[in-house]
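In: show me the folded form of this:
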Amino acid sequence: QVQFVESGGGLVQPGGSLRLSCVASGFSLGYYNIGWFRQAPGKEREGVACISSDGRTAYADSVKGRFTLSRDNAKNTVYLQMNSLKPEDTDVYYCATDLNPSCTIATFKGAYWGQGTQLTVSS
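Out: Numbers count the residues shown, from 1 in each chain. Below you'll find the predicted structure:
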């Protein structure tokens, strides 16, 4: 059974940094993609970043240069380091996988989701 435990969300000031973590179970990061979506009530879901089984990463244009996705296969954990945060980054962030080896932001649909963690960027 595919499951995720997300953590690391919270309140941060504009310009600040935060790191989200997602521990996955039920599948191996060494064989499948994993990434993050974000969504606020009433808004469209937005793919933020994903990493393929071979380690290639993809990012939404809105976060390129500010967010970095990495993973630890031994811990089956993925991390999203978020720097230079903006108020428009405020959202619930969800960890997800398609159980496919590769991903791009355009093709990453997130067939399996976690419960989400709230990020609020505000002064």
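
In: quickly list what the one residue sitting closest to the centre of the chain is bridged to.
Out: Geometric centre of the chain, nearest residue: Trp36, 2.3 Å, by Cα atoms, centre = their mean. Under DSSP bridges, the beta-bridge partners of Trp36 are Ala49, Cys95.

In: I'd like the distance between it and Ser123.
Out: For Trp36, the distance to Ser123 equals 24 Å [Cβ to Cβ, to the nearest Å]. Every residue, glycine included, has its C-beta placed from N, CA and C.

In: again, but for Val78
Out: From Val78 across to Ser123, the span is 29 Å (Cβ to Cβ).

In: out of those two, which sits in the busier spot?
Out: Val78 (27 against 8; other Cβ atoms under 10 Å).

In: mean confidence for the strand or helix carrying the more buried one?
Out: According to DSSP states H and E, Val78 maps onto strand 77-82. Average pLDDT, strand 77-82: 97.

In: please identify the buried residues of it?
Out: Buried residues in strand 77-82, counted by 16 or more other Cβ atoms under 10 Å: Thr77, Val78, Tyr79, Leu80, Met82.

In: check contacts around Tyr79.
Out: Arg19, Leu20, Ser21, Cys22, Leu69, Ser70, Arg71, Asp72 (Cβ atoms under 8 Å, 6 or more residues apart in numbering).

In: which among those end up buried?
Out: Leu20, Ser21, Cys22, Leu69, Arg71.

In: hmm, back to that, got a list of what the residue nearest to the centre of the chain touches?
Out: 20, 22, 47-50, 69, 78, 80, 93-96.

In: Asp91 contacts Arg38, doesn't it?
Out: Yes: if you go by Cβ atoms under 8 Å, Asp91 and Arg38 touch, sitting 3.8 Å apart.

In: mutual contacts of those two, please.
Out: Glu46, Leu119.

In: excluding chain neighbours, what is closest to Gly30?
Out: Nearest residue to Gly30 in three dimensions, chain neighbours excluded: Asn73, at 4.8 Å (Cβ to Cβ, 6 or more residues apart in numbering).

In: show the pLDDT at that neighbour.
Out: So Asn73 comes in at 92 (pLDDT).

In: I appreciate the help and will end here.
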